[in-house]
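Peer 1: build the 3D model from these lines:
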Amino acid sequence: MPLRLIFLTFAIILSSRSGGSAEPSPVVSFERDVAPLLLRSCVGCHNPSDKKGGFDLTSASAAFQPGEDGVRLVRGKPDQSSMWKRIVDGSMPPRKIRPRPNSRDIQNVSRWIRQGARWPTGHRLSRFDVTTSSRAGRDWWSLQPIHVPPIPGTTDTTWSSNPVDQWILARLESNGLRPNRPTDRRRFLRRASFDLLGLPATPEQLTEFLSDRSADANRRLIDRLLASPHYGQRWGRHWLDVIGFTESDGYEHDKFRPHAWRYRDYVIDSLNDDISYARFIREQLAGDAQPQPSRHSIAATGFLVSGAWDEIQNVGASKSEMQRAHEEQVAELIGTVTGTLLGLTVNCCRCHDHKFDPLSQTDYYRIKAVFDGVDHSQGKTVGNRSILPAAEARRIAALQAPLRKQQSQIEADLAKCRKHLSGHATPDSVTDCQVKGRHGAALNSLRTQASTPSKAVYHAPPLTVECWAKAHGKDRFNVFVANNLKSSGEHWELYSFTSVGDYSVYMPGYEPSTIRSGVVVTDGRWHYLAMQFDGSVVNLFVDGRQVKQQPVRRIRPPGTLGTLDFGGYRPQSITCDGAIDDVRISHTIRPITEPAPKPFRSDKHTVGLWSFDRLKSGTFPDLSQPADPAKRRAIQLRRDSLLEQLATVQKRISSLTPPIGYIGFRRQPPVTHLLFRGDIAAEGPRTPPGSLSAIAGLSADLGLGFDAPEAARRRQFAAWVTHRDNPLPARVMVNRIWQSHFGQGLIKTPSDLGFNGGQPSHPGLLDWLSAELIRSGWSLKHIHRLIMLSATYHQQSTYNEQAARIDSGNRLLWRFSPRRLDAEVVRDAMLTVSGELNRTMSGPSFRPFTVTVFNTHFYHLFDSSKAAFNRRTIYRANVITGRDPLLDAFDCPSPSVATPRRRSTVTPAQALALMNNSFVLRQSRTFATRIRQDVGDDPDAQARRAFQLALTRDPTVEEQRQITTLIRQHGLSNACWVLVNSSEFLFSP
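Peer 2: Now for the predicted structure:
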């Protein structure tokens, strides 16, 4: 036993046996004197869910029960209480627990036991109540109300009057440090431009800024940058990183989301408009559930489905697998919502109480009940939906209704015209599409197929189909002619049956569906094939002789029109190893004679006739004619008029088409149950929609029942998040802004302000900025302005070895840490200096890839110089598997995961990418072209202009000499390439 505890124990025993003349021991309060010690040192290991040694110290009923080494607490008798013995002999609490119980703590426990160990009725201790050395309690700093202490005084009163600087300087002085000198105005402009816009400052902007010698020149510069539409593009990228925004599903299929860009544009527009951050939060959580939703606020709910999604598990799997997939999906959403907005890892509570923060499993399932109705799809229908509010959607539908009625009438009239007019057959390729035929040329079906839109008359009995065909090989299907409908009710095809090669007909809308003639036609010779169908009997003919008669009955309803295919069946990629000559379709039971007609001729019963020796304007014309040429001309004129009317109506309908966004679906969820260990087969008690119980002064109760409407759940939760008594959103957001300006936040873990995130480097400054954010009406631009006008932000980045020995990580900000540009900024900077940056805002993302779909989606990258592909990188389709190697080299994060803080590495792969990437090389050449256009062919002038555009400065005398020599010896393009490879180009000063 330690000597200190021996003397302490002896003193306590003596005091307990002293005479009656001694002063009575003071009354020990359980709440004041004992409970804090138990919470700090004992309850973390001795609670209902973690009973070390079978010992529970959270309630009186448990604490007074016998334990493994005797009775834990014996009222009035410390020496018979096993808990007291463990404390006195030093074995409890464990050595890792800090702070250790002191002599006063031990005396209080002894006196409390001797005085009867009074434990107030119903008083339960929770390990969530008090912060210990191993976990955070409800008294953790980030969960407390925002408290702004007085701005600290400093020894140096001349550095700055900005409150930001006062907090920074106070910490520097207390650690024996001094801030760096201010940077020059050129570097400040370049730094501010990269930070706020993600673009390099231009020579013209530098001239303008340097000519402004007024006292508030810096403020005017920051205001101008904040007013630029490029501000939203730059800071929108930060936000999209944090939430893990993707424009494809990820997982096995990785399908592209063509309308996900609506949410990206919402973020950019909102930041440019500097809408209240509280409103920004509410719209993303429940923009569709607000009293007066707008297109803008509904598009904002793309936040709820912005991450990856496992289609295979969520659609078409077994019920249990789909339920598990839903649990995973909601867990990801809860992690995104709480990490992004609250800076807490609530998703860690899915299976058990949080191991480090005062967050319970019940907290998790209360929030899960809020988002249980959010889905990416509705069955197989993915979440691309109108972003119109209901009232506006009804108004547009009312405007569209008469137009759609007019469209239907025009299309019906067109169908009547087309019934009598030709349907040209278009080959897949006009190259080698003809070979020598039975008479004239034939369709080379070995190399290509042809098709024409189907007509109802092509499948309406009475029907006769005739063709000349030549095929080789019995080991495959050879399709001669196929009426390919979108559904199979009236589908028919003339083909040769595989492995035998006999002429057959397939009619899946009837029974039997396959009718085989038994006559082999795959012998490499021309055959005249025909089919008659009167609605109940099919007759097959080969070379003018009837070879099969088969009664049939309908088993499926009529289908919808598709295409009439020659020399193949496109839906299944079946072709014909041979050639197809004349094809005739007649709306009658035409007599089939021997010898066969050559060629076919048109009469009043002919509804389609194609002779493949006539190729006109890339098509094979339909040679069937109405009986009266004058009538045919009138029909053609009527058709042309109807087509013009249809185009006008369709254009008007298109102008009224509701805008579509990837916003997912909402459904009324069933009652949410807590799941023990997160297992869907282990349902626990019902859990109403709610929030976190750990925030001081803010109830977790949203006032909603178990079956509350889905929209009300999200609306109430959004109100709770942005409540004036919730300190987390403001703290989290100002820390993110600080991180993006200085490279690291006041808290190092921007999405975790819990125990594992540690303490802020400047807690007073964090709360002061948080209070400023709220006071300003939640204006993010106000916080930018405060930070960027501070002397702290204006410091040089010069290294100081003595200061680095005290603060190697620059947590105290004795200098401005130079930072490598983000991947997107590197690309955008190259486009800017080359003059090729396309500044088009908004709209669908550009897609620098082609897509192959074969079970999954394969994204094949290409590099294009077209203007559409030279937009800012935030407008590049952000797909999970279609990664850009240049961006990847510079640590562009994968959209498959949330990235609250990017890595910033310097690697050989970056140098190799800058040396060899086709985009970099092309931009270097274009950069050179721009310089020649600006200053001509003088190498000295070219060198100066290259430095001005790339580095926002003139070269030094030595740099001028070197770069001019390089231009003369190796060309201007190589000199430009060297500059975009330089550290000065790639780093913010």
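
Peer 1: for Asn483, give me the pLDDT.
Peer 2: Asn483 carries a pLDDT value of 89.

Peer 1: meant to ask about Asp69, not that
Peer 2: Reported pLDDT for Asp69: 61.

Peer 1: the protein - how does it break down into domains?
Peer 2: 3-134, 275-386+664-724, 424-639, 919-988 (automatic domain parsing).

Peer 1: in contact with Pro358, which residues?
Peer 2: Phe128, Asp129, Arg135, Ala136, Gly137, Arg138, Trp140, Leu143, Ala694 (C-beta atoms under 8 Å, 6 or more residues apart in numbering). In short, each C-beta sits where N, CA and C put it, glycine included.

Peer 1: likewise for Ser81?
Peer 2: Ser81 neighbours (C-beta under 8 Å, 6+ apart): Val71, Arg72, Leu73, Val74, Ile113.

Peer 1: now those in TSV, with neighbour count, distance to Ser276 and secondary structure?
Peer 2: As requested, the contacts of Ser81 are exported to TSV (neighbours: other C-beta atoms under 10 Å; distance: C-beta to C-beta, whole Å; DSSP: H, G, I helix; E, B strand; the rest coil):
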residue	neighbour count	distance to Ser276	secondary structure
Val71	15	60	strand
Arg72	23	54	coil
Leu73	22	54	coil
Val74	17	60	coil
Ile113	22	56	helix
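
Peer 1: please pull up the helix or strand immediately following the lowest-mean-pLDDT helix or strand in the chain.
Peer 2: None of the helices or strands of the chain scores lower by mean pLDDT, DSSP states H and E than helix 3-16, at a mean of 42. As assigned by DSSP states H and E, the chain's next helix or strand after helix 3-16 is helix 35-41.

Peer 1: buried stuff in that next one?
Peer 2: Ala35, Leu37, Leu38, Leu39, Arg40, Ser41 (16 or more other C-beta atoms under 10 Å).

Peer 1: same check on stretch 525-544?
Peer 2: 526-533, 538-543.

Peer 1: SS state for Pro558?
Peer 2: coil (DSSP: H, G, I helix; E, B strand; the rest coil).

Peer 1: what's the burial count for it?
Peer 2: 13 (other C-beta atoms under 10 Å).

Peer 1: from Tyr506, how far out is it?
Peer 2: 17 Å (C-beta to C-beta, to the nearest Å).

Peer 1: ditto for Phe858
Peer 2: 33 Å.

Peer 1: again with Phe927
Peer 2: The value you get for Phe927 to Tyr506, if C-beta to C-beta is used, is 62 Å.

Peer 1: more neighbours: which of the two?
Peer 2: Phe927 (26 against 21).

Peer 1: doesn't Thr832 make contact with the more buried one?
Peer 2: No. Phe927 is beyond contact range of Thr832, at 9.9 Å (criterion: C-beta atoms under 8 Å).

Peer 1: ok but Gly661 is inside a strand, no?
Peer 2: Yes. Gly661: assigned to a strand according to three-state DSSP.

Peer 1: where in the chain is pLDDT low?
Peer 2: 1-25, 67-71, 98, 317, 418-422, 475, 486-489, 616-618, 625-629, 632 (pLDDT under 70).

Peer 1: in the stretch 151-300 of the chain, which spans are helices?
Peer 2: Applying DSSP state H, counting those that start in this stretch to the stretch 151-300 of the chain gives helices spanning 163-174, 185-197, 203-211, 217-227, 229-243, 261-273, 277-286, 295-300.

Peer 1: then the stretch 851-989 of the chain?
Peer 2: Under DSSP H, counting those that start in this stretch, the stretch 851-989 of the chain gives helices at 885-889, 908-916, 918-935, 939-951, 957-970, 972-980, 983-986.

Peer 1: and those helices: which comes nearest Pro597?
Peer 2: helix 918-935 (60.0 Å; C-beta to C-beta).

Peer 1: which parts of that closest one are buried?
Peer 2: 919-931, 935.

Peer 1: thinking again about what came up before, among the buried residues of stretch 525-544, which ones are in helices?
Peer 2: The subset of these located in helices under the criterion DSSP state H is empty.

Peer 1: how close does Phe566 sit to Gly473?
Peer 2: Taking C-beta to C-beta, one finds Phe566 at 19 Å from Gly473.

Peer 1: and the two? Which one has more around it.
Peer 2: More crowded of Phe566 and Gly473, by other C-beta under 10 Å: Phe566, with 26 against 14.

Peer 1: you'd agree that one is up against Gln449?
Peer 2: Yes. The pair Phe566 and Gln449 passes the contact test of C-beta under 8 Å, sitting 6.4 Å apart.

Peer 1: overlap of the contact sets of those two?
Peer 2: Leu443.

Peer 1: where does Arg516 sit: helix, strand or coil?
Peer 2: Three-state call for Arg516 (three-state DSSP): strand.

Peer 1: next one: it from Ser496, what distance?
Peer 2: 10 Å.

Peer 1: again with Asp940
Peer 2: 78 Å.

Peer 1: which parts of the stretch 401-550 of the chain are strands?
Peer 2: Here the stretch 401-550 of the chain has its strands, by DSSP state E, counting those that start in this stretch, at 426-427, 434-436, 441-443, 450-453, 463-471, 478-484, 492-496, 502-506, 510-511, 514-520, 527-533, 537-542, 545-551.

Peer 1: for the stretch 51-200 of the chain, same thing?
Peer 2: Using DSSP E, counting those that start in this stretch, strands in the stretch 51-200 of the chain cover 66-67, 70-71.

Peer 1: for the stretch 601-750 of the chain, same thing?
Peer 2: Counting by DSSP E, counting those that start in this stretch, the strands of the stretch 601-750 of the chain are 606-610, 660-662, 665-666, 673-675, 683-686.

Peer 1: Throw those strands into CSV and include distance to Pro149 and mean neighbour count, thanks.
Peer 2: Converted to CSV, the strands of the stretch 601-750 of the chain look like this (distance: least, C-beta to C-beta, whole Å; neighbours: other C-beta atoms under 10 Å):
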stretch, distance to Pro149, mean neighbour count
strand 606-610, 88, 23
strand 660-662, 45, 21
strand 665-666, 44, 18
strand 673-675, 40, 19
strand 683-686, 43, 12
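
Peer 1: out of those strands, which comes closest to Asn800?
Peer 2: strand 660-662 (49.7 Å).

Peer 1: ok, residues contacting that closest one?
Peer 2: Here strand 660-662 has contacts from 257-260, 262-263, 298-299, 302, 305, 382-387, using C-beta under 8 Å, 6+ apart.

Peer 1: show me which of these are buried.
Peer 2: When the contacts of strand 660-662 are checked for burial by 16+ other C-beta under 10 Å, the buried set is 257, 259-260, 262-263, 298-299, 302, 305, 382-387.

Peer 1: pick the one among those residues closest to Asn870.
Peer 2: Using C-beta to C-beta, the buried ones among the contacts of strand 660-662 come closest to Asn870 at Ala260, 21.4 Å.

Peer 1: next up, the contacts around that closest one.
Peer 2: Phe245, Thr246, Glu247, Gly302, Ser306, Gly661, Tyr662.

Peer 1: verify the stated contact: the fourth one with Trp261.
Peer 2: No. With contacts counted by C-beta under 8 Å, Gly302 stays clear of Trp261, the gap being 9.2 Å.

Peer 1: how about stretch 655-672: buried residues?
Peer 2: Gly661, Tyr662, Ile663, Gly664, Phe665, Arg666, Pro669, Thr672.
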